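1. Pasting the sequence and the predicted coordinates here, then a few questions.
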Amino acid sequence: MKSLLIVYHSQSGTCARLARAAWRGAQTEPDIVATAVRAWDADTAQLAEAGGLLLVMAENSGALCGAMKDFLDRTFYPAIARELVLPYGLLISAGNDGRGAQRQAERILCGYPFPAASEPVILRGEWCAAHEQASEELGQAFAAGLSMGIF
Ligand SMILES: Cc1cc2nc3c(=O)[nH]c(=O)nc-3n(C[C@H](O)[C@H](O)[C@H](O)COP(=O)(O)O)c2cc1C
């Protein structure tokens, strides 16, 4: 079994809903175990067990939300020490932009170094059914790629 680790942070509940939808999508792949963990609780040991990493977060003040930055700060050197290389995906919720969070995340993840498994998905505006569907599809596509050994 391969595993997809979904790390998320949510202030209002929006990103938590998107992370759950991505988890649901990933679970539809029969040989994938998907786990969703809050960024505050996620650690290097969980990264070491994962086959892929999906980060679900908001853009706050033009940057990564603080909890996701904290997760990346805590795991950066330990992941390098273990020579971890995980394909990653980004699911960003934003009021009207999201590109600041995307740039920052891509720059940090490049240093691990983790390769991008797909184009980042930025969902702008209030939560809606289309965002839920896009998140579910991203989770499913990422899991399918892992399952087939594409990444
Ligand atoms: C303190 C704060 C700062 C924000 N800054 C930005 C921003 O710079 N750009 C943007 O597009 N949205 C911004 N937003 C909107 C959030 O990205 C958006 O509401 C997101 O869905 C929040 O998800 P969450 O509540 O699940 O963490 C901000 C929201 C808050 C609370």
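-> That came through fine.

2. residue nearest the centroid of this protein?
-> Leu55 (1.6 Å; CA atoms, centre = their mean).

3. and the gap between that residue and Cys65?
-> 10 Å (CB to CB, to the nearest Å). For glycine as for every other residue, the C-beta is placed from the backbone atoms N, C-alpha and C.

4. How about His131?
-> On the measure of CB to CB, His131 and Cys65 end up 17 Å apart.

5. repeat for Leu47
-> Taking CB to CB, one finds Leu47 at 19 Å from Cys65.

6. what packs against whichever helix in the chain runs longest?
-> In the chain, taking DSSP state H as the definition, the longest helix is helix 129-148. Counting contacts by 3 or more CB pairs under 8 Å, 6 or more residues apart in numbering; DSSP states H and E, helix 129-148 is packed against strand 2-8, helix 14-27, strand 32-38, strand 52-60, strand 88-94, strand 121-124.

7. list the buried ones in that helix?
-> 131-132, 134-136, 138-143, 145-147 (16 or more other CB atoms under 10 Å).

8. what's the angle from it to strand 2-8?
-> Between the axes of helix 129-148 and strand 2-8, defined by axes from the mean of the first three to the mean of the last three CA atoms, to 10 degrees, the angle is 150 degrees.

9. does the ligand sit close to helix 129-148?
-> No: interface with the ligand: helix 129-148 contributes nothing (CB under 6 Å from any ligand atom), its closest point being 9.0 Å away.

10. neighbouring contacts of that helix?
-> When contacts are defined by CB atoms under 8 Å, 6 or more residues apart in numbering, helix 129-148 is touched by residues 2, 4, 6, 17-19, 21-32, 34, 51-52, 54, 56, 87, 89, 91, 93, 117-118, 121, 123, 151.
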